[in-house]
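Asks: Fold the following, please.
(2 chains)
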There are 2 protein chains.
Amino acid sequence: MPPLSPLTLDRCSINTATLGHRSSIEQVIEAVARHGFGAIAPWRRDLVDRDVPAVARRIREAGLAVSGLCRSTYFPAATRAEFLANVEDNRRALDVAAALGAPCFVLVVGTAPADHKGLGPARAQVLEGLSLLLDHARSVGVSLAIEPLHPMYAGDRSCVASLSEALAMCDALDTDGRGGVTVAIDAYHVWWDWRLSEDIAAAGHAGRIAAFHVCDWLVPTRDLLLDRGMMGEGVIDLPAMRAAIEAAGYRGFVEVEIFSNHWWSQPEEAVLDACGRSFRQI
Amino acid sequence: MPPLSPLTLDRCSINTATLGHRSSIEQVIEAVARHGFGAIAPWRRDLVDRDVPAVARRIREAGLAVSGLCRSTYFPAATRAEFLANVEDNRRALDVAAALGAPCFVLVVGTAPADHKGLGPARAQVLEGLSLLLDHARSVGVSLAIEPLHPMYAGDRSCVASLSEALAMCDALDTDGRGGVTVAIDAYHVWWDWRLSEDIAAAGHAGRIAAFHVCDWLVPTRDLLLDRGMMGEGVIDLPAMRAAIEAAGYRGFVEVEIFSNHWWSQPEEAVLDACGRSFRQI
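Replies: Numbers count the residues shown, from 1 in each chain, chains lettered A, B, ... in the order given. Alright, predicted model coming up:
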């Protein structure tokens, strides 16, 4: 691997979840830009009751890019009608992503409905849901970025639990190589995988890396959802992962996304300061 | 897959951790036998200050088999001396397993020492530690059963986080196909893996399945270590997993191992009753 160049803040994006959704999107845009970051990744919840083109303009005028829009409505459902409604909801979200200028729509795909055993049917529904969206995603120029979640979320958030699985779904959907379906690689979710280096290389070779999210895995981890660490606080070898992703050809933003009771209790300015310092350690 | 035959209790083993290590090993042997189970899997902590041949005799006289001995001292260490001490500790444990008549010694392999990033060096230490033990394991007739743990334990308990990784380690160690290194497949740790069926088939084809552990994944899961469910309480498709394992040629015991604040607060007799009822649902 070639030596890593320092990660300057203009290559960094702040996912709005990192600040805990406490302030308005307009305030968050202002703060992220003022701290010198290059991009922002909003959540759909930030945009409720907002004029999306106005938000998009505000982001541009602040000098920020959009690294992605979070996140999909879960696909799997107990009834066909509910499943199709989920697909339609995600179709509308693709239009929002396009209006924002986001290159990708981040998909947390969901998993088996309550009282169902096993993941096979959920995986089949996810694949069908993506197939129903792919033409629209291509037409609006926003890729469907499958984000494999950590396997500890397989029971309640995502039946796609490894990067290799997400890549196999991409290949199953994009048989003609036209693209439009990609992966969002979050260090927290995939760092444990003995196949990570080869999967990252394969993802890059196929041109499928749409996003690179970072935070850190704390030891001990006290909560399955809300105990993620700032980069450098935990045990993930983030420089090695960044090197692998850059060697695979990725040149996009490094996006910090931290779900944390601790960080959400800190002032937003302190969180952004910590992000800026910690980015330089990657 | 052929239809599954009902799982009779004589095919079932109780791992002593399921009862929370509250009673003496002698009392647990008596209770497990009285409930009609076919085997027991002790922990080394049950044998502290015990005459192991006497415990072995007591297990035999109760009509029980031993499905395995739990578990290894973690291999990785910050110093060479500590690493070698860990290996020697596991060598002595293999002798205990042999004295008990256990077919396998279950390995929870450990992970990177505190303040280390990434898993590569820990994985190399585990592989070396196993290579230092393999001849001895073969000579005493106890296989080294690598148990991949759920990836949520990669930071503090096991750098081996998937069945495919454990199988690759077996292949790296057992290049001449003489055996002596196997896998312990615990449903809780591997159920999320999209490659599970093919990995189980590969493990069976290579003759490497030494143990099949069961419990269930609860939704929601409130604690990373101590919130495992009784079979049927959660979302794992246990009959499908049992079918895959039997189709792969495994004919050994089905062993229930449950770490649970809830079940450890119930009377031991109630836990064993619940195990007996729940086994029949697999």
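Asks: May I have stretch A:198-207 as CSV, with CA atoms only?
Replies: Provided in CSV are the C-alpha atoms of stretch A:198-207 (Å, rounded to 0.1, in the frame of the first residue of the first chain):
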residue,chain,number,x,y,z
GLU,A,198,-10.6,-8.8,-0.7
ASP,A,199,-14.2,-7.6,-0.6
ILE,A,200,-13.1,-3.9,-0.7
ALA,A,201,-10.9,-4.7,-3.6
ALA,A,202,-13.7,-6.4,-5.5
ALA,A,203,-16.1,-3.6,-4.7
GLY,A,204,-13.6,-1.1,-6.1
HIS,A,205,-12.9,-3.2,-9.2
ALA,A,206,-16.6,-3.3,-10.0
GLY,A,207,-16.9,0.5,-9.4
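Asks: Quick check: mean pLDDT of it?
Replies: Per-region confidence: stretch A:198-207 scores 98 on mean pLDDT.
Asks: How about that stretch and chain B, touching?
Replies: No: if you take CB under 8 Å from any CB of the partner chain as the test, stretch A:198-207 misses chain B, and the best it gets is 11.9 Å. To be clear about C-beta, it is placed using only N, CA and C from the backbone, and glycine gets the same treatment.
Asks: Would you mind listing what in chain A touches chain B?
Replies: Proximity of chain A to chain B, by CB under 8 Å from any CB, involves residues A:112, A:114, A:116-120, A:123, A:150-152, A:154-156, A:160-162, A:164-165, A:168, A:191-195, A:217-221, A:224, A:234-238, A:240.
Asks: I'd guessed A:Phe279 sits against A:Val256; true?
Replies: Yes: A:Phe279 lies in contact with A:Val256 (CB atoms under 8 Å); the separation is 6.9 Å.
Asks: Buried residues in stretch A:217-237, which are they?
Replies: When neighbours are counted by 16 or more other CB atoms under 10 Å in any protein chain shown, the buried residues of stretch A:217-237 are found to be A:217-219, A:221, A:224, A:227-237.
Asks: same thing with stretch A:136-153?
Replies: Neighbour-count burial for stretch A:136-153 flags A:136-138, A:140, A:142-153 (criterion: 16+ other CB under 10 Å).
Asks: ok, these vs A:Leu64, which is closest?
Replies: Distance to A:Leu64 across the buried residues of stretch A:136-153 (CB to CB) is lowest for A:Val142, with 17.5 Å.
Asks: Spit out the contact partners of the closest one.
Replies: A:69, A:94, A:97-98, A:102-105 (CB atoms under 8 Å, 6 or more residues apart in numbering or on different chains).
Asks: Neighbours of A:Gly36, how many?
Replies: By the measure other CB atoms under 10 Å in any protein chain shown, the count of residues near A:Gly36 is 13.
Asks: no no, A:Tyr74
Replies: 24.
Asks: Distance check, the closest residue to A:Glu269 other than its chain neighbours against A:Ala41.
Replies: Leaving out its chain neighbours, the residue that sits closest to A:Glu269 by CB to CB, 6 or more residues apart in numbering or on different chains is A:Ala31, at 7.2 Å. For A:Ala31, the distance to A:Ala41 equals 14 Å [CB to CB, to the nearest Å].
Asks: the more surrounded of these two?
Replies: In terms of neighbours (other CB under 10 Å), A:Ala41 is the more surrounded of A:Ala31 and A:Ala41; the figures are 30 against 19.
Asks: quick one: low-confidence ranges for chain A?
Replies: A:1-3 (pLDDT under 70).
Asks: which residues of it fall in helices?
Replies: Using DSSP state H, the helices of chain A run over residues A:25-34, A:52-61, A:80-100, A:120-140, A:163-173, A:187-190, A:196-205, A:238-247, A:261-264, A:268-279.
Asks: Tell me which of the ones you listed sits most buried.
Replies: A comparison of the helices of chain A by mean neighbour count, using mean count of other CB atoms under 10 Å in any protein chain shown, puts helix A:187-190 on top with a mean of 24.
Asks: Pull the residues that contact that one.
Replies: A:147-150, A:162-163, A:196, A:199, A:212-217, A:228, A:236, A:238, A:241.
Asks: hmm, try it at 7 Å
Replies: A:148-150, A:162-163, A:196, A:213-215, A:217, A:228, A:236, A:238, A:241 (CB atoms under 7 Å, 6 or more residues apart in numbering or on different chains).
Asks: Tell me who's in contact with whatever residue of the stretch 151-282 of chain A ends up closest to chain B.
Replies: Nearest to chain B in the stretch 151-282 of chain A, going by CB to the nearest CB, is A:Asp237, at a distance of 3.2 Å. Applying CB under 7 Å, 6+ apart, one finds that A:Asp237 lies in contact with B:117-118.
Asks: if you set the cut-off to 8 Å instead, what comes out?
Replies: A:Asp237 makes contact with A:191, B:117-118, B:120 under the criterion CB under 8 Å, 6+ apart.
Asks: Kindly report the same for A:Val66.
Replies: A:39-42, A:56, A:59, A:100-103.
Asks: Distance from the chain centre to stretch A:116-133, please.
Replies: Here stretch A:116-133 shows a centroid-to-chain-centroid distance of 19 Å under the convention CA atoms, centre = their mean, to the nearest Å.
Asks: Excluding residues flanking it in the chain, which one is nearest A:Ala248?
Replies: A:Gly204 (2.4 Å).
Asks: Please consider this matter closed, and thank you.
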